[in-house]
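# Here is a sequence together with a model predicted from it:
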Protein chains: 2
Amino acid sequence: MRLTTVDDISTAERRIAGRVVRTPLLSCRRLGDPLRLDLAVKAENLQHTGSFKVRGALNALLARVERQGAPAGLTAFSAGNHAAAVAFAGRAFGLPTVVCMPPHAVPTKVETVRRYGGEVVLTDDLVGTCQALAAERGYHLLHPFDDPDVIAGQATVGREILADGPPPELVLVPVGGGGLISGVASALRAAAPGTRVVGVEPVTANALGHALRTGGDALAARPVSIADGLAAPFAGRHTLAHARALVDEMVEVSEEDIRAAWWELLDATKLLVEPSAAVTLAALRAGLVDAGPGTRTVLVLSGGNVSPATLASLA
Amino acid sequence: MRLTTVDDISTAERRIAGRVVRTPLLSCRRLGDPLRLDLAVKAENLQHTGSFKVRGALNALLARVERQGAPAGLTAFSAGNHAAAVAFAGRAFGLPTVVCMPPHAVPTKVETVRRYGGEVVLTDDLVGTCQALAAERGYHLLHPFDDPDVIAGQATVGREILADGPPPELVLVPVGGGGLISGVASALRAAAPGTRVVGVEPVTANALGHALRTGGDALAARPVSIADGLAAPFAGRHTLAHARALVDEMVEVSEEDIRAAWWELLDATKLLVEPSAAVTLAALRAGLVDAGPGTRTVLVLSGGNVSPATLASLA
């Protein structure tokens, strides 16, 4: 399987420039000091639509337009953030969008899709319904993670981290289907091969870790976690290949540790992140990642879309 | 009464440079578009200790050190954010700090004072207890707002707003004792006399508005508001003089409107602010401030210290 190259990432960077927020890398002593780490957070919760997903969606759409012209419309399946990203991309190019989301999707994420003009179909058969819609309407299906162009788009997060200071020694990335970590690891491996890249999953939603251990199997049951954005039932072929080649370590965190880390992030940084984005701090707090004193560490805060009910349950 | 001058503000800026966070001015279309305003927020919730108060406290301490040498220690009375700022300033200069806070102070704010090494005395007689402590221990009392050096420190917020783009046409500032608006209005009046400065108070905690209407009276009863940081029982002589001379308008918002605005700010900006900081958006949403389409508007997000219980009640 071909992995993402430096050229792929440079092309993605050029394509999406000006269409995405150049998010800040914020140093945070209040989080780092107790862990004895030199810690910073990459605030992708401040990205358009409230998550990194617009990077991959825009790059994949622009790549498709370059190669085959504009499609009649866009479709996608997603628990939420990718759906909003596709609606955002569709609106930017005047394309109709229909996304399939699970009936239990976070209401805030459903509203976000609609705010960007996307049509929402709530269904348990995400993939099947989405493929049927794509065929019926002649729409282009943008995969949430298992697409080289999506991975190259997410890799721009890694490029920006490298542009904002000396290369970190350790980067922790939340893992759902694996698109973000595949991209970030590609960008770091190319420019800073010494950087350790660690993926973090909920114990109860560990599709990529499970696939790595079993040689590619999907999870037996539908994953459930407060980190709703990470509840992918399977990893992709592309993301699995990237993880095998480029990810140094995978760790798993408990629901309780995610909740505690979420509050600490909010309290210390004053940034609203979604529970999915708190898994990395949870892993550090639980001592799951070895790192010597002063290790230059970056946590990727993947998104910030939380509904009022979730917020109340976390506070 | 002598008002804050351009020189006072420049001196404050020089004194506190490098000791405070140069906070970002963040444009926010999602908040501005529905109001038909060109809207940005000044994110003082990202300031050290989670509020703008460190600016005034540091400037007042440094001014005192310049004029009379270092004091034996620091004392202050405050509902919370000024207390944390004084503890922060004390720690920076190796000075012991004792602060008087009300028994109903937000627990997060009490913890923040202790995190910076400050001693906390919970008392209903804030001013009396604090003055007694200052006399007993020979500590310097840093007033939360009614001090020209504190006002000049807060004025640096206005300077930074002006440095980050064309002068805004409208600036909305949360008002408690009036230190922040006195400073911000001083900075703006000097450099951008056309900018309208509007102060916003809770209906239930309107000490400055009341003093302006009555010629200086304190409130009859202890003010109570979800915006705990604005519940000053009286305005100061200095802040009243500044407000009379420099503030264009004062408006008052309901508790319900503060709650709704708080959620919208969190959801749209992904920034955690305290309810006190949401009063400005509440005023705009309630139609209390006239502003034509496209008005360049800045909301000062004064702080971000919220306890879990408050957060749960707001979500």
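Thanks, I have the structure now.

# how about the most far-flung residue of chain A relative to its centre, secondary structure?
Using CA atoms, centre = their mean, the residue of chain A lying farthest from its centre is A:Glu136. It sits 28.9 Å away. Using DSSP: H, G, I helix; E, B strand; the rest coil as the criterion, the local structure at A:Glu136 reads helix.

# What residues does A:Ala309 make contact with?
A:Pro107, B:Ala315 (CB atoms under 8 Å, 6 or more residues apart in numbering or on different chains). (Glycine included, C-beta is placed from N, CA and C.)

# ok, 10 Å please
Counting by CB atoms under 10 Å, 6 or more residues apart in numbering or on different chains, A:Ala309 makes contact with A:Val106, A:Pro107, A:Thr108, B:Ala315.

# Just to be sure, which of these are found in helices?
Using DSSP state H, the subset of the contacts of A:Ala309 located in helices is A:Pro107, A:Thr108.

# Put the buried members of the contacts of A:Ala309 into a ChimeraX selection.
Here is the ChimeraX selection string for the buried members of the contacts of A:Ala309, based on 16 or more other CB atoms under 10 Å in any protein chain shown:
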select /A:106,108 /B:315
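
# pLDDT and distance to B:Ala277 for the contacts of A:Ala309 - can I get that in CSV?
Conversion of the contacts of A:Ala309 to CSV gives the following (pLDDT from 0 to 100; distance: CB to CB, whole Å):
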residue, pLDDT, distance to B:Ala277
A:Val106, 85, 25
A:Pro107, 87, 25
A:Thr108, 85, 21
B:Ala315, 83, 16
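
# ok, the contacts of A:Ala309 vs B:Arg2, which is closest?
Within these, proximity to B:Arg2 (CB to CB) peaks at B:Ala315, which comes in at 45.3 Å.

# you'd agree A:Thr11 is up against A:Arg67?
No: using CB atoms under 10 Å, A:Thr11 is not in contact with A:Arg67, being 11.9 Å away.

# list residues touching both of the two?
With CB under 10 Å, 6+ apart, A:Thr11 and A:Arg67 have common neighbours A:Asp149.

# In contact with the residue lying closest to A:Phe52 once chain neighbours are set aside, which residues?
Excluding the flanking residues, the one nearest A:Phe52 by CB to CB, 6 or more residues apart in numbering or on different chains is A:Glu44, at 4.1 Å. The contact partners of A:Glu44, taken as CB under 10 Å, 6+ apart, are A:20-21, A:23, A:50-55, A:81, A:154, A:157, A:160, A:180, A:273, A:277, A:300-304, B:270.

# Using the three-state scheme, assign A:Val300.
Once three-state DSSP is applied, A:Val300 turns out strand.

# quick one, helices of the stretch 101-250 of chain A?
Under the criterion DSSP state H, counting those that start in this stretch, helices of the stretch 101-250 of chain A are mapped to A:107-115, A:126-137, A:148-163, A:179-191, A:207-214, A:237-246.

# per-residue confidence averaged over the last one?
I take that to be helix A:237-246. Mean pLDDT, helix A:237-246: 98.

# The longest one now?
Mean pLDDT, helix A:148-163: 98.

# One more: the second one?
pLDDT averaged over helix A:126-137 equals 96, rounded to a whole number.

# gap between A:Val300 and B:Gln68?
Look at A:Val300 and B:Gln68: by CB to CB, to the nearest Å, they are 49 Å apart.

# who has more neighbours, the two?
Just comparing A:Val300 and B:Gln68: by other CB atoms under 10 Å in any protein chain shown the higher neighbour count belongs to A:Val300, 26 against 9.

# For the more buried one, name its beta-bridge partners.
A:Lys42 (DSSP bridges).

# so what's it up against?
So A:Val300 contacts A:23, A:25, A:41-44, A:52, A:154, A:157-158, A:161, A:171-174, A:180-181, A:184, A:200, A:277, A:280 (CB under 10 Å, 6+ apart).

# Report the contact partners of A:Val273.
By CB under 10 Å, 6+ apart, the neighbours of A:Val273 are A:41, A:43-45, A:50-51, A:174, A:261-262, A:265-266, A:281, A:299, A:301-306, B:270, B:272.

# redo that, cut-off 6 Å
A:Val273 makes contact with A:Asn45, A:Leu265, A:Leu301, A:Gly304, according to CB atoms under 6 Å, 6 or more residues apart in numbering or on different chains.

# what's the one helix or strand the second one maps to packed up against?
By that I understand A:Leu265. For A:Leu265, the element it lies in under DSSP states H and E is helix A:255-269. When contacts are defined as 3 or more CB pairs under 6 Å, 6 or more residues apart in numbering or on different chains; DSSP states H and E, helix A:255-269 sits against helix A:279-285.

# Go again with 10 Å.
helix A:29-35, strand A:37-43, strand A:196-202, helix A:279-285, strand A:295-301, helix A:308-314, helix B:107-115, helix B:308-314 (3 or more CB pairs under 10 Å, 6 or more residues apart in numbering or on different chains; DSSP states H and E).
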